[in-house]
Structures are given as C-alpha cells and as structure tokens.
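**Q** task: produce atomic coordinates for the following.
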Amino acid sequence: MTKLTIDGREVEVPPNTTVLQAAEELGIEIPHFCYHERLEIAGNCRMCLVEQEKVPKPIASCAQPVAEGMVIHTQSERARKARHGVMEFLLINHPLDCPICDQGGECDLQDQAMAYGFDRSRYREAKRAVKEKNFGPLVATQMTRCIHCTRCVRFLDEVAGVPELGMVNRGEDSEITNFIERALTSELSANIVDLCPVGALTSKPYEFIARPWELRKTESVDVLDAVGSNIRIDARDAAVLRVLPRLNEEINEEWISDKTRFAIDGLKRNRLDRPYVRRDGKLQEVDWHEAFAVIAERRGAIPGGRIAAIAGDLADCEAMLALKELMKALGSSNLDCRQDGAAADPAIRASYIFNSGIAGIEQADACLLIATNLRVEAPIINARMRKRWLAGRFKVGAIGPALNLTYPVERLQFSEAAAFLGGARRPMVILGQGALRRRDGAAILAAARKLAETCGAVREDWNGFNVLQLAASRVGGLDLGFVPGPGGRDTAGILAGCAAGEIDLLYLLGADELEMSVLGHAFVIYQGHHGDAGARRADVILPGAAYTEKDATYVNTEGRVQLGRRATFPPGDAREDWAIIRALSQALGKTLPYNSLRDVRAALIRANPVFAHIDERVPATWGAFGAEGAIDAVPFVYPIADFYRTDPISRASPTMAACVAAIEAKTAAERKVA
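**A** Predicted coordinates for the structure are as follows:
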C-alpha cells in the first residue's frame with residue numbers, strides 16, 4: 001500500500017492508483033471530462049489539474065500514479081487558477097446554444113462552468129466551426145461542441161471493439177470523425193451518448209423531444225433479451241421517451257444495447273388497446289365482458305386434453321403462473337414456455353441457467369462457445385467477454401459458423417473441445433440456443449454437460465457450465481414449471497395437435513414466434529400488446545400490457561429474479577396480464593385465488609422459493625441432465641439473423657427499421673467496392 005496526503009488527510013491506496021482515484025477514496029471530488037473509470041486514461045482535457053508539493057507545475061491527477069509521501073492540494077489557489085484557465089480554453093470555441101442543446105440539464109460542461117468558468121470571455125477572434133458527421137440513425141452530432149475528450153473513441157475501441165471513430169488533424173483543426181461517412185456498426189454504439197460530457201453526441205430519435213426535468217424516472221429491467229439489463233425508463237404523460245442504463249456491476253455494468261435503448265418507439269405503434277373477436281373472418285372490437293363470453297361459449301365442454309397454452313418470449317412470471325393454474329383448473333397439461341422447442345430439463349435448474357453468472361466471466365481463463373453468436377444474442381455479455389480478453393491470459397474457442405465477436409476466436413470441432421479446455425484453471429462453456437433448438441438438442445445438452453464435468457468446469461468452488469437464453473421469459477417459465485405435465489404436449493406436440501385437429505383451443509400468451517399456418521381450425525386466444533403474428537391469427541384478442549406498463553417479475557439468463565416497474569399505464573382498455581387471466585378464470589367458472597399483485601407474488605414464492613430472492617443469484621444444484629444419443633452432423637445455425645428485430649416491440653420500431661436499412665446500405669456499398 002502507498003501512503004499519501006490529500007488536502008491534509010492521509011490515505012493508503014494500492015500501488016498504481018492515480019491521484020484522482022485516491023482523492024475519490026476520501027470523497028474529494030476533482031473535476032474532469034476525459035477520465036472515465038471503465039476506459040483507458042487519456043489525459044486530454046487537463047481539467048483535473050492539482051498541485052503537488054515540490055513539483056513546479058500542476059499535474060493531471062487522472063494520469064499521475066501515487067507515490068509514497070506525496071502531498072497533494074486540490075483546492076489551493078494554484079490548482080483553482082489552473083482549472084479556471086482550462087475552462088476558459090474549453091469555452092473559447094464552444095457555441096452558446098445551451099437553450100437548444102439536448103444535453104442541457106445533464107451536461108458536465110454546464111455544471112463545471114458554473115464552478116470554474118467566467119461570466120465573460122476575453123476571446124475576440126473568430127470561433128471555429130466543425131462539420132457534422134453521419135454516425136447513422138442513432139447518434140446525432142454537433143461536433144462544434146466537441147471538447148476532444150475522446151471518450152467516444154476509447155469506448156468503441158476498448159469496450160465495443162469496433163474502432164470506427166478517431167481524431168484527425170492537430171490544434172484547433174482537431175476533430176473526431178468516422179473517416180468514412182456511414183453508420184456505426186456496434187450493437188452498443190449509443191453508449192457514447194451517455195459518455196459524452198458535452199452536447200456533441202446526442203440521441204437522434206430523442207432529439208428536441210423533452211427536457212430531463214419534465215420526465216418521470218422509473219427504475220426497471222430490460223426484457224428484449226435474457227440478460228436483464230438494469231435500466232431507467234423516462235416518461236412524460238403516457239409516453240415512454242427514452243431508456244437509459246442503470247448501474248449494476250454484476251449484470252450490465254453501465255452499458256445497454258442499442259435495441260434496449262431505442263426500440264421503445266415501437267411501444268407506440270401497432271398496439272392492441274381493446275379486445276377483439278373474429279366474426280365472419282374479420283376481427284371486430286368488443287368489450288371485455290363480450291370477449292370473455294365468447295371464450296366461455298367456445299370452451300363449452302372441450303376436455304382438458306384438447307386445450308393447450310404457449311407462453312411467449314416477453315411474458316412475465318405472474319402471468320405465466322396464473323395461466324398455468326388456469327390450465328390446471330381446466331384439466332390441461334399441454335403447456336410450454338419454450339416456443340422455439342429448445343431442449344431444457346426443468347427438473348435440473350443448472351441445465352438452463354448461466355451458472356457462473358455474467359460477472360463470473362472475469363474469473364474464467366478459457367471459454368468454449370457452442371452454437372452461439374454472443375455479439376447479437378447478448379451484446380452486454382459479449383462486451384464482458386471482450387473485457388476479460390483485454391485483461392490477458394484468456395482464450396476463446398467456438399463450435400459453429402465463423403464469428404466476428406470483436407476478439408480472437410479459435411474455431412473448433414466438438415472432438416477438439418476437451419483438448420482446448422484442458423489445463424485451464426477455470427474453464428467455461430457457453431451453450432447457445434442454436435444447439436438446443438435442434439432435434440438433437442437434448443443429446444447436445446448431455447454432451448456439453450459431460451464435457452464440462454470432464455474438463456473441470458464444474459466443481460465445488462466453480463461452475464462454468466452456462467446456457468445462454470434469448471428470451472426474458474424462459475428461465476422464469478422453467479422455474480415455474482410452465483412445461484408439459486404428465487402426458488402433456490410440448491410446443492411441437494401442441495402445433496402437431498392443432499394441425500391434426502386434436503387441439504381445439506390454444507391460448508397464446510404473447511407467443512408470436514410460431515408457425516401460425518399449422519394451427520389448422522383451432523380456436524386461438526391471443527393475449528399480448530402488439531398486433532404481431534399471434535394477433536393476426538387469433539380468434540379472440542385480449543390486450544395486455546408491455547413491460548414498461550406493469551409491475552412484473554422476470555428472471556434473467558443467470559437465474560437472477562428481478563422486478564420490472566410500471567412507468568406508464570397501458571393504452572385504452574389494455575390491462576396487466578395476470579389480471580386478465582384472473583378475470584377470465586372467473587368467467588370460465590374456475591376462479592383463481594388472486595385478488596392483488598401481492599397475492600400473485602406470494603403464490604410465486606410458494607411455487608418456487610427462488611422468487612423470494614430478489615436481485616440475487618441463487619446457485620443451482622448440479623445433476624445429470626440431457627439425453628444420451630447421437631449428435632447430427634448437420635452444421636450449427638445461429639438463431640438470430642437480425643439483431644434489431646427479434647420481438648413484437650422491436651419489429652414495430654421505426655428506429656430499429658432504420659438501423660436495419662443502414663446496415664443493409666453499408667453491406668451493399670461494401671459489395672459494390674469489392
């Protein structure tokens with residue numbers, strides 16, 4: 001440990017700690033712009049200048065390592081004068097457009113100008129102007145405001161692994177550019193908006209929409225993938241206007257994917273806001289009482305064995321529990337939460353969760369990817385993998401088609417996997433849905449389990465066997481046992497039963513990723529929030545609430561129970577999903593014993609005690625799972641072909657459509673050049 005004195009207070013810190021970090025240990029704030037704790041040190045802005053005794057000039061505290069006996073003054077006259085000088089230089093060319101700047105009210109430059117700026121300028125020369133850049137449909141640029149902190153450059157280079165920005169020229173001609181005018185191609189690109197300390201980079205879809213003090217801020221979780229990124233939802237009146245990341249070191253740190261951030265404009269489009277009943281081949285608006293009456297009449301005396309339910313990828317745990325109990329009351333054991341047909345053993349929790357935890361990636365020294373493209377299936381996890389690779393002594397192998405994951409990956413055959421992981425102290429296996437969705441998925445699951453056991457990836461102090469889920473509802477549904485009961489049909493069996501006329505009534509809880517053409521003459525009830533594939537096939541539509549419109553429970557891919565919170569109310573006559581099922585159960589004469597959200601959550605805990613552990617990762621008991629069998633020689637196929645349109649919300653989003661168009665234009669241009 002190194003001992004030094006800052007503003008008359010002694011502190012001991014580890015070697016190689018910077019003066020700025022040591023000051024933070026004491027709660028002493030030093031102003032800065034370019035420094036960020038998750039990025040490499042640049043020392044560009046010089047705003048963090050402090051005085052060091054026996055040193056003739058002020059030092060940049062963000063770049064100066066501590067030394068034994070060092071004496072630092074952060075508030076001396078010399079230090080304050082240096083900061084005033086730096087601030088004056090920064091404001092020389094900065095335009096006076098704070099009233100129209102989207103960063104207004106959240107701007108580091110505004111805040112620090114209040115403390116260290118002057119009320120007038122001594123600069124009389126002509127101000128410089130910088131041409132705006134085209135960074136694509138997500139990031140708007142006003143580069144005249146740029147102070148060259150290079151946070152955006154470093155983020156894309158270090159965290160995202162897509163080095164598409166850089167600084168060119170020198171002196172007052174310096175500018176940040178992408179060299180070639182085209183969209184940024186990282187799935188994490190818009191995090192540079194949060195990192196920008198001024199208004200040079202702002203959100204293009206949010207441009208000139210609202211001021212921060214006009215917004216209601218709600219802490220929640222993202223459901224557009226299975227990572228469960230912690231987010232803050234900002235809303236005004238009935239509209240969600242933006243989504244920002246919320247700090248969680250164990251999951252998403254302080255980053256979110258572009259889809260998480262920008263797909264929210266899909267919440268306003270293609271919405272289901274009232275019940276519908278199909279009559280004479282056309283959907284007609286009805287009230288709730290009439291919709292329930294039609295369902296009750298059609299259900300009639302249909303035996304339970306001819307009734308089925310499938311839960312979709314965005315379903316919350318409360319709704320799945322209520323629907324499972326309703327199906328049980330109707331005598332049906334035909335239900336499944338795996339609409340893609342993925343192999344999973346609901347009896348062994350370790351067979352379907354990310355056992356090491358997302359943060360556990362940083363402890364591994366070798367990782368084998370099986371049929372998963374992390375960059376599009378879970379960009380936040382991919383960023384954590386890159387972070388671990390940058391730390392050194394970490395190798396990654398992959399079984400599947402060629403990948404560009406922003407770090408080196410060695411392509412392997414299954415027969416080479418054991419040798420690749422051999423000798424690693426903390427080996428890790430990440431099994432993707434591209435393997436589990438196949439007909440031989442159960443055999444691959446068993447083979448991956450054996451590989452993990454053989455290579456020492458599973459032991460008392462370490463479990464490196466990980467399954468990467470893609471659906472926010474999947475782990476919660478498996479935890480609740482939303483799977484076929486004794487003699488029941490799974491998703492494939494339900495679809496086959498509909499096609500053969502053996503299933504008369506099918507309840508789709510937001511299930512849109514099915515082949516609707518095989519449902520035959522089955523009476524389909526669709527409960528969801530968007531007019532997607534399920535609604536187009538439905539005979540009765542029950543309008544539900546989107547994830548921003550309800551208090552709901554979700555379980556992420558690592559088995560962590562998290563709470564989503566309501567930021568706005570659902571539109572029109574739409575209602576929270578568990579409440580719809582509760583009301584329908586009464587109309588069917590099978591009233592469920594829930595009268596409030598508290599009652600449902602108490603039932604969740606009774607169904608599985610893991611739901612009592614909010615925001616905690618509960619270790620799973622290891623056991624044998626999968627099924628012995630031959631593995632087909634057919635090559636793996638990654639399950640996500642289009643990152644920007646994987647669910648009803650993102651498919652309804654104009655911003656996500658613009659991203660797809662930008663990527664297609666870039667690809668076409670590259671082919672033309674080639």
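**Q** any idea of the pLDDT on Leu563?
**A** pLDDT, Leu563: 98.
**Q** what about the strands in the stretch 51-200 of the chain?
**A** 59-60, 71-73, 139-141, 166-168, 175-177 (DSSP state E, counting those that start in this stretch).
**Q** would TSV of the ones you listed with distance to Ala446, mean pLDDT and mean neighbour count be doable?
**A** Every C-beta, even on glycine, is put in place using the N, C-alpha and C of the backbone. Formatted as TSV, the strands of the stretch 51-200 of the chain follow (distance: least, CB to CB, whole Å; pLDDT from 0 to 100; neighbours: other CB atoms under 10 Å):
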stretch	distance to Ala446	mean pLDDT	mean neighbour count
strand 59-60	56	96	20
strand 71-73	60	97	20
strand 139-141	45	97	23
strand 166-168	48	95	13
strand 175-177	51	95	20
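**Q** would you turn the ones you listed into a markdown table with distance to Asp512?
**A** Output for the strands of the stretch 51-200 of the chain, formatted as a markdown table (distance: least, CB to CB, whole Å):
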| stretch | distance to Asp512 |
| --- | --- |
| strand 59-60 | 54 |
| strand 71-73 | 59 |
| strand 139-141 | 30 |
| strand 166-168 | 41 |
| strand 175-177 | 41 |
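**Q** what's the closest of these to Gly85?
**A** strand 59-60 (13.6 Å; CB to CB).
**Q** about what we covered before: which among the strands of the stretch 51-200 of the chain is found nearest to Leu390?
**A** Going by CB to CB, the one of the strands of the stretch 51-200 of the chain nearest Leu390 is strand 166-168, 18.7 Å.
**Q** how about residues contacting the closest one?
**A** 148, 150, 153, 174-179 (CB atoms under 8 Å, 6 or more residues apart in numbering).
**Q** Leu508: which of those residues is nearest?
**A** Taking the contacts of strand 166-168 together and measuring to Leu508 by CB to CB, the closest member is Asn178, at 43.4 Å.
**Q** in this structure that closest one contacts Glu164, no?
**A** Yes: between Asn178 and Glu164 a contact is recorded at 5.3 Å, counting by CB atoms under 8 Å.
**Q** shared neighbours, those two?
**A** Leu184.
**Q** and the two? Which one has more around it.
**A** Glu164 (21 against 18; other CB atoms under 10 Å).
**Q** what's stretch 138-145 in contact with?
**A** So stretch 138-145 is contacted by 93-95, 97, 101-102, 128-135, 175-176, 183-184, 189-190, 192-193, 198-205, 207, 258, 262, 655, 659 (CB under 8 Å, 6+ apart).
**Q** show me where the stretch 201-350 of the chain has its strands.
**A** Under DSSP E, counting those that start in this stretch, the stretch 201-350 of the chain gives strands at 201-203, 216-221, 230-236, 239-245, 276-279, 282-285, 307-311, 334-336.
**Q** give the other helices and strands that the third one contacts.
**A** Yep, that's strand 230-236 we're talking about. Strand 230-236 is packed against strand 216-221, strand 239-245, with contacts defined by 3 or more CB pairs under 8 Å, 6 or more residues apart in numbering; DSSP states H and E.
**Q** equivalent analysis for the fourth one, please.
**A** For strand 239-245, the contact count by 3+ CB pairs under 8 Å, 6+ apart identifies helix 191-195, strand 230-236, helix 258-262 as packing neighbours.
**Q** go again using 6 Å as the cut-off
**A** strand 230-236 (3 or more CB pairs under 6 Å, 6 or more residues apart in numbering; DSSP states H and E).
**Q** any buried residues in the top helix by length along the chain, and which?
**A** Longest helix in the chain, counting residues (DSSP state H): helix 654-673. Neighbour-count burial for helix 654-673, with 16 or more other CB atoms under 10 Å as criterion, is recorded at 655-659, 662-663, 666.
**Q** and the contacts of stretch 79-99?
**A** 46-47, 49-51, 58, 104, 116-117, 123, 127-128, 144, 147 (CB atoms under 6 Å, 6 or more residues apart in numbering).
**Q** who wins on neighbours among the residues you listed?
**A** Neighbour-wise, those (other CB under 10 Å) top out at Val50, 28 neighbours.
**Q** tell me the contacts of the residue positioned nearest the centre of the chain?
**A** Centre of the chain computed as the mean C-alpha position; nearest residue by CA atoms, centre = their mean is Ser229, 4.3 Å away. Applying CB under 6 Å, 6+ apart, we find Ser229 in contact with 222, 252, 256, 260, 380.
**Q** make TSV out of the strands of the stretch 201-350 of the chain and add distance to Phe33 and mean pLDDT.
**A** Below are the strands of the stretch 201-350 of the chain laid out as TSV (distance: least, CB to CB, whole Å; pLDDT from 0 to 100):
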stretch	distance to Phe33	mean pLDDT
strand 201-203	13	97
strand 216-221	25	98
strand 230-236	23	98
strand 239-245	20	98
strand 276-279	54	98
strand 282-285	55	97
strand 307-311	47	98
strand 334-336	52	98
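**Q** wait, which of the ones you listed is closest to His613?
**A** Judged by CB to CB, the one of those that comes nearest to His613 is strand 216-221, at 15.2 Å.
**Q** which positions in the closest one come out as buried?
**A** 218, 220-221.
**Q** when you compare where it runs with where strand 230-236 runs, what's the angle?
**A** Computed by axes from the mean of the first three to the mean of the last three CA atoms, to 10 degrees, the angle separating strand 216-221 from strand 230-236 equals 150 degrees.
**Q** got the angle for strand 216-221 vs strand 239-245?
**A** Using the same axes, to 10 degrees: strand 216-221 against strand 239-245 is 50 degrees.
**Q** and the strands in the stretch 351-500 of the chain?
**A** 366-370, 395-399, 410-411, 427-431, 458-459, 462-463, 465-467.
**Q** I'd like those strands laid out as a markdown table, including mean neighbour count.
**A** As requested, those are exported to a markdown table (neighbours: other CB atoms under 10 Å):
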| stretch | mean neighbour count |
| --- | --- |
| strand 366-370 | 26 |
| strand 395-399 | 22 |
| strand 410-411 | 12 |
| strand 427-431 | 28 |
| strand 458-459 | 15 |
| strand 462-463 | 20 |
| strand 465-467 | 28 |
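**Q** now tabulate those in CSV and tack on distance to Asp532 and mean pLDDT.
**A** Converted to CSV, the strands of the stretch 351-500 of the chain look like this (distance: least, CB to CB, whole Å; pLDDT from 0 to 100):
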stretch, distance to Asp532, mean pLDDT
strand 366-370, 30, 98
strand 395-399, 32, 98
strand 410-411, 36, 97
strand 427-431, 28, 98
strand 458-459, 39, 96
strand 462-463, 37, 98
strand 465-467, 26, 98
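**Q** adding distance to Leu592, write those out as TSV.
**A** Below are these laid out as TSV (distance: least, CB to CB, whole Å):
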stretch	distance to Leu592
strand 366-370	40
strand 395-399	45
strand 410-411	51
strand 427-431	36
strand 458-459	39
strand 462-463	37
strand 465-467	31
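**Q** what segments of the stretch 551-674 of the chain are helices?
**A** Along the stretch 551-674 of the chain, counting by DSSP state H, counting those that start in this stretch, helices occupy 577-587, 597-607, 648-651, 654-673.
**Q** residues making contact with the last one?
**A** The set of residues that contact helix 654-673 without belonging to it, under CB under 6 Å, 6+ apart, is 136-137, 182-183, 205, 262-263, 265, 644-645, 650.
**Q** sounds good, over and out.
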